[in-house]
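Participant: Below are the sequence and a predicted model for it; my questions follow.
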Amino acid sequence: MINVTKTYLPPMEEYTSYLQRAYDKVWLTNRGELVKELEDKLKSFLGVNHLTLTTNGTLPIQIAIKALDLKGEIITTPFSYVATTSAIAWENCTPVFVDIEEDYLTIDPTKIEEAITDKTSAILATHVFGNPCDVEAIEAIANKHNLKVIYDAAHCFGVNYKGQSIFNYGDVSTCSFHATKIFHTGEGGCFITNDSELHHKLFYHHNFGHKTPTSFHGVGTNAKMSELQAAMGLAVFDHINEIIEHRKKAVEKYDELLDQTSLKRLKIRPGTEWNYHYYPIIFNSEEQLLKVMEAMNSENIFPRRYFYPSLNTLNYVNRNEMEISESIAKRILCLPLSAEISYSEIELIAGFLKP
Ligand SMILES: *Cc1c(COP(=O)(O)O)cnc(C)c1O
């Protein structure tokens, strides 16, 4: 069976040697030494100032909305994983969708201003498949209208844009370290910001609001990462360069084999050092996609319709038509890609896509 992704598992003995440290200290959570060590390693690898690990990649989006005190309407993209929209709704704000750029699949900044009302408080956009949004245009609009910017950067581990981490753009970026992501801790995530005051607020929100064991800065929830998650993260992190290098070679192989076809592929924004996280292809029609998917499934190959459906069609949002996002969502398929996929598997998969 070949799945859309295969979780990278570090050698068992490397994982258990990190776990042993938690055992030796009899310390499983509440910011133990493994969480702190992983945070330090990630900050230096990524080149970011403030990064706090969390138990998944959805809570930091909710915490960012809370910490920035957002109310009313939040402008967002219809082309993302459901967590981007559900986090807005969960925090009692209203998602207002703006359609995407056809080539880059990220929110179209030329359509943002017409969606701004006196209730708009922020823009929450996703760097889709690790492809950066038009961050300069978004920043200019946010400054002009006094809006906050949050990036759902769940796919962006290791992505640089114009010489620095993509996580350094916007007021807050969030990432996911779910088992299907390029760097993972089983379940996990983080929030990143350059603003130390904002980081302080995000931090206490993620730990019940604690100031000391007996006093509180304010309201909070629990989004702490455990030592068990951090042990997996440390063991995976030791292999991160090989993981990215393997994916790069796999992507180049797909590119080479699919060059002859009429399939549209992801266009990476100029200035980006990409992380080769996903391999989406866009068919001319949904019918064609379904036919290819059925043929692959019958040979035990499982690509995934990602992202589908377009989020403006969810049953808890105000539905208005998003022509490009809806059209792409129907026709896009992510091909299997992992740190272990072989050239022969890629050749097999590409065989289903010959013109
Ligand atoms: C994976 C993902 C999330 C959610 O992350 P979890 O760690 O699963 O909570 C949010 N947004 C996007 C775009 C994702 O792909």
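Facilitator: All right, it came through fine.
Participant: What is the end-to-end distance of stretch 303-318?
Facilitator: Using CA to CA, to the nearest Å, one end of stretch 303-318 lies 30 Å from the other.
Participant: and it, how far out from the chain's middle?
Facilitator: 16 Å (CA atoms, centre = their mean, to the nearest Å).
Participant: Name the residues that touch it?
Facilitator: 4, 76-82, 84-85, 89, 94-97, 128, 278, 280, 289, 293, 296, 319-322, 325-326, 328-330, 332-336, 349 (CB atoms under 8 Å, 6 or more residues apart in numbering). Every residue, glycine included, has its C-beta placed from N, CA and C.
Participant: quick one: the closest residue to the ligand within the stretch 251-355 of the chain and Asn143, what's the gap?
Facilitator: Residue nearest to the ligand within the stretch 251-355 of the chain (CB to the nearest ligand atom): Phe307, separated by 7.9 Å. With the distance defined as CB to CB, to the nearest Å, Phe307 ends up 29 Å from Asn143.
Participant: In terms of neighbours, single out the busier of those two.
Facilitator: Each of Phe307 and Asn143 has its neighbours counted (other CB atoms under 10 Å); Phe307 has more, 24 against 10.
Participant: For Lys211, what are phi and psi?
Facilitator: phi -100, psi -50 (degrees, to the nearest 10).
Participant: And the pLDDT at it?
Facilitator: Lys211 carries a pLDDT value of 97.
Participant: Make sure it is actually in contact with Gly220.
Facilitator: No. With contact defined as CB atoms under 8 Å, Lys211 and Gly220 do not form a contacting pair (10.2 Å).
Participant: The two: which is more packed in?
Facilitator: More neighbours surround Gly220 than the other of Lys211 and Gly220, with 17 against 11 (other CB under 10 Å).
Participant: Spatially, what comes nearest to the more buried one if we skip its sequence neighbours?
Facilitator: Gly209 (3.1 Å; CB to CB, 6 or more residues apart in numbering).
Participant: burial of that neighbour, as a residue count?
Facilitator: Neighbour number of Gly209 under other CB under 10 Å is 14.
Participant: one step back: make a ChimeraX selection of the buried ones in the contacts of stretch 303-318.
Facilitator: Buried residues within the contacts of stretch 303-318, by 16 or more other CB atoms under 10 Å, are selected in ChimeraX with:
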select :4,76,77,78,79,80,81,84,85,94,95,96,97,128,278,280,289,293,296,322,325,326,328,329,330,332,333,334,335,336,349
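Participant: Cross the contacts of stretch 303-318 against helices and list the overlap.
Facilitator: Among these, the residues falling in helices (DSSP state H) are 82, 84-85, 89, 289, 293, 296, 325-326, 328-330, 349.
Participant: residues touching the closest residue in space to Trp27 that isn't next to it in sequence, list them.
Facilitator: Among residues not flanking Trp27 along the chain, Glu227 sits closest, at 6.2 Å (CB to CB, 6+ apart). Taking CB under 8 Å, 6+ apart, we find Glu227 in contact with 22, 27-29, 32-35.
Participant: Ok, Leu348 next?
Facilitator: So Leu348 contacts 2, 299, 301 (CB under 8 Å, 6+ apart).
Participant: Now render these as JSON lines, adding secondary structure, neighbour count and distance to Lys201.
Facilitator: Shown next, in JSON lines, are the contacts of Leu348 (DSSP: H, G, I helix; E, B strand; the rest coil; neighbours: other CB atoms under 10 Å; distance: CB to CB, whole Å):
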{"residue": "Ile2", "secondary structure": "strand", "neighbour count": "19", "distance to Lys201": "44"}
{"residue": "Glu299", "secondary structure": "coil", "neighbour count": "13", "distance to Lys201": "51"}
{"residue": "Ile301", "secondary structure": "strand", "neighbour count": "19", "distance to Lys201": "46"}
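Participant: Which one of the contacts of Glu227 is nearest to Ser285?
Facilitator: If you rank the contacts of Glu227 by distance to Ser285 using CB to CB, Val35 comes first, at 47.6 Å.
Participant: count of neighbours near that closest one?
Facilitator: 25.
Participant: Could you verify my assumption that it touches Leu228?
Facilitator: No. Applying CB under 8 Å as the test, Val35 and Leu228 come out as separate, 10.2 Å apart.
Participant: Domains in the protein, by residue range?
Facilitator: 2-237, 240-351 (automatic domain parsing).
Participant: Out of those domains, which one sits most buried?
Facilitator: domain 2-237 (a mean of 20; mean count of other CB atoms under 10 Å).
Participant: does the ligand sit close to that one?
Facilitator: Yes. Residues of domain 2-237 are located near the ligand by CB under 6 Å from any ligand atom, namely 56-58, 80-81, 83-84, 126, 152, 154-155, 176, 178, 189.
Participant: How about stretch 309-322?
Facilitator: No. Using CB under 6 Å from any ligand atom, stretch 309-322 stays clear of the ligand, with a minimum separation of 10.4 Å.
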